[in-house]
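1. one predicted model, sequence on top.
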Amino acid sequence: MSKLVSTPLTVVGAGPAGIMAAYTAAELGVDVTIIDDNPFPGGQYYRKSPSEFQFENPNDAFSGRKDANAILNKLAHQKIHAIYNTSVWGVFDKHKLALADQERSYELPTDRVILATGAYDRPFAFPGWTLPGILGAGATLRMIKTQWVFPGKRILLAGLGPLQLALADALVHLGAKVVCVVEAANPYKNWKQLFHIIEHPDRMQEALGYLYTLRKNKVPILYNHAIIHADGKDQVQQARVAKVDNSGRLIPDPVKQYDVDAICLGYGLLPSIQLMSAFGCKLHYNPCLGWWVPEHNSMMETSQLGIFVAGDVTNIGGSKVALLEGQIAGLTAAFQLKYINDEAYKEKLIPLLMLHNRLDRLTNALQQIYSFRPGLLNLATDETLICRCEEVTVGQAKEAIKQGMKDLHQVKLATRTGMGYCQGRFCSPLVAPLIAEVTGEPLLDLLPFTVRPPIQPLPLRILASGSR
Ligand SMILES: Cc1cc2nc3c(=O)[nH]c(=O)nc-3n(C[C@H](O)[C@H](O)[C@H](O)COP(=O)(O)OP(=O)(O)OC[C@H]3O[C@@H](n4cnc5c(N)ncnc54)[C@H](O)[C@@H]3O)c2cc1C
């Protein structure tokens, strides 16, 4: 592990956004500490296989991302102090980060902070969703990139959004049998938004490449469909799929059945907002994502002065947006720390903001096409688990809401949802829409779970080793 130093700028997360934030500031002379809980940098997009893997072509170690080496090499900058295998589990006294590695917990005083903590798979509950063999699309991509394995021999993909296509393409290339891609939206019915994608030929080419692979390998894609049931004894064996309308509600049509031994659920990604909450940054509900995002200005600064955000944590814009937002945040932090004068700052900032505006149009278009569909949540029955950690069912949560528990905190106190290992990361995206449905109150008015340290599970041995 690198020697621990307190620097004027601290970046949490060494994915595309964090790397570019650290590098941009370092190039201007700022000493930067970058922290990531993985053994290697790269985040989700440039995720690296373990060094024990032997590759004939070194690019294979990064899932073949062409620019991976160029991006990862930026962390070799002499002004960057990188700390891996270390998670940030809390914020104390406003600006002190609590860090934990495999052996100990310790504090890191900070000045400017850039939070580039990325996102995670949105949970999606329906009867049978907890059967072994059912996993998230992002988690499957992670499995493929790090271990080069896939979860089954006959795999069905169900979800909402383009990450499904990237996953289907990766699985087919590895030799898996993808029986079907089940997509809840129908992008071809949204020509107005599709037009914004045509504006970005590289993204268009990427999508067409995936579609070509699927067509060549005879993988069917069902649009306006959703998985409604998974069956199996000790392992998933069958998937039932039905037609849904644009709000995600079932429409009468014969149910299709597929024999499978794995299902990957890709119902979108949710920003990892825990550290923003811990810093006291304002959050607002984004209806397209169906989740809260940190409020920030165009320079990526949050409602807390000197605390910035960048990358997927702001709006799920993908790797290109993450790289760009990292640059904007790193540049602005360096400006605030007086490493660049006003004129030079503006000269560098303006082209970045213009590009950001252009990419924002694409992000917004994709979010409109693949917007969160509350109707899909009605597929769960009263017996379906809504909180896996504490084994709470939809029926139990509904009952608590009917008894008067009208926000996430009250439902947590009444049912224990959010008190388990995941700290609400996986159950609150399911409980929040349920509260809105039962009470008739808009989701916009709900607040996310209050975050309490440790934001990630930690062994007591590590916590006890801390100075506090
Ligand atoms: C599981 C998953 C797989 C994905 N796979 C693909 C793909 O194959 N292709 C594609 O185009 N897009 C993929 N995406 C989308 C992709 O994540 C983004 O486009 C891009 O990587 C976002 O970059 P980022 O820097 O914002 O976040 P990330 O790349 O997610 O990087 C965030 C980093 O911060 C670290 N971190 C978070 N919290 C803490 C903490 N408290 N302490 C320390 N470290 C922390 C994380 O471990 C991670 O390394 C995937 C997303 C997910 C969630």
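-> Thanks, I have the structure now.

2. so which bits of the protein are right by the ligand?
-> 12-18, 35-38, 43-45, 87-88, 116-120, 138-139, 141-142, 163, 166, 269, 272, 275, 311-312, 318-319, 322 (CB under 6 Å from any ligand atom). Every residue, glycine included, has its C-beta placed from N, CA and C.

3. do that again at 5 Å, thanks
-> Residues of the chain lying close to the ligand by CB under 5 Å from any ligand atom are 13, 15-17, 36-38, 43-45, 87-88, 116-119, 138, 141-142, 166, 311-312, 318-319, 322.

4. identify those among those that sit within strands.
-> Members of the residues of the chain next to the ligand lying in strands (criterion: DSSP state E): 87-88, 119.

5. show me what residue of the stretch 51-200 of the chain gets nearest to the ligand.
-> The ligand sits closest to Gly118 of the stretch 51-200 of the chain, with a gap of 2.2 Å, by CB to the nearest ligand atom.

6. what's near enough to touch that residue?
-> 13, 15, 17, 43-44, 271-272, 311-313 (CB atoms under 8 Å, 6 or more residues apart in numbering).

7. now, among those residues, which is nearest to Asp31?
-> Gly13 (18.0 Å; CB to CB).

8. can I get the ones in strands among the residues of the chain next to the ligand in a markdown table with neighbour count and distance to Leu156?
-> Shown next, in a markdown table, are these (neighbours: other CB atoms under 10 Å; distance: CB to CB, whole Å):
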| residue | neighbour count | distance to Leu156 |
| --- | --- | --- |
| Ser87 | 21 | 33 |
| Val88 | 27 | 36 |
| Ala119 | 24 | 23 |
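
9. what about the longest helix in this structure?
-> helix 342-369 (DSSP state H).

10. so which bits of that helix are buried?
-> Of all the residues in helix 342-369, those buried under the rule 16 or more other CB atoms under 10 Å are 345, 348-349, 352, 356, 359-360, 362-363, 365-367, 369.

11. pLDDT added to those residues, as JSON lines?
-> Converted to JSON lines, the buried residues of helix 342-369 look like this (pLDDT from 0 to 100):
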{"residue": "Tyr345", "pLDDT": "98"}
{"residue": "Lys348", "pLDDT": "98"}
{"residue": "Leu349", "pLDDT": "98"}
{"residue": "Leu352", "pLDDT": "98"}
{"residue": "His356", "pLDDT": "97"}
{"residue": "Leu359", "pLDDT": "94"}
{"residue": "Asp360", "pLDDT": "93"}
{"residue": "Leu362", "pLDDT": "92"}
{"residue": "Thr363", "pLDDT": "94"}
{"residue": "Ala365", "pLDDT": "92"}
{"residue": "Leu366", "pLDDT": "93"}
{"residue": "Gln367", "pLDDT": "93"}
{"residue": "Ile369", "pLDDT": "93"}
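
12. hmm, which two among those are most spread apart?
-> The distance between the two most remote of those (CB to CB) is 35.8 Å, for Tyr345 and Ile369.

13. in PyMOL, select just the buried ones from the contacts of Gly118.
-> Selection of buried members from the contacts of Gly118 for PyMOL, criterion 16+ other CB under 10 Å:
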select buried, resi 13+15+17+43+44+271+272+311+312+313
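
14. ranges for the helices of the stretch 201-350 of the chain?
-> 201-216, 274-278, 312-315, 319-336, 342-369 (DSSP state H, counting those that start in this stretch).

15. which helices and strands sit right next to the second one?
-> Secondary-structure packing of helix 274-278 (3 or more CB pairs under 8 Å, 6 or more residues apart in numbering; DSSP states H and E): strand 87-92.

16. chain neighbours aside, what residue packs nearest to the residue of the stretch 51-200 of the chain closest to the ligand?
-> Counting by CB to CB, 6 or more residues apart in numbering, Gly118 lies nearest to Asp312, which is 4.8 Å off, once chain neighbours are set aside.

17. same check on Gly161?
-> Tyr370 is the one closest to Gly161 (CB to CB, 6+ apart), at 4.2 Å.

18. count of neighbours near Lys218?
-> 7 (other CB atoms under 10 Å).

19. so what's the closest residue to the ligand within the stretch 251-400 of the chain up against?
-> When scored by CB to the nearest ligand atom, the stretch 251-400 of the chain has Gly311 as its residue closest to the ligand, at 2.2 Å. Contacts of Gly311 were listed using CB under 8 Å, 6+ apart, and they are 13, 15-18, 43, 116, 118, 317, 321-322, 325-326.
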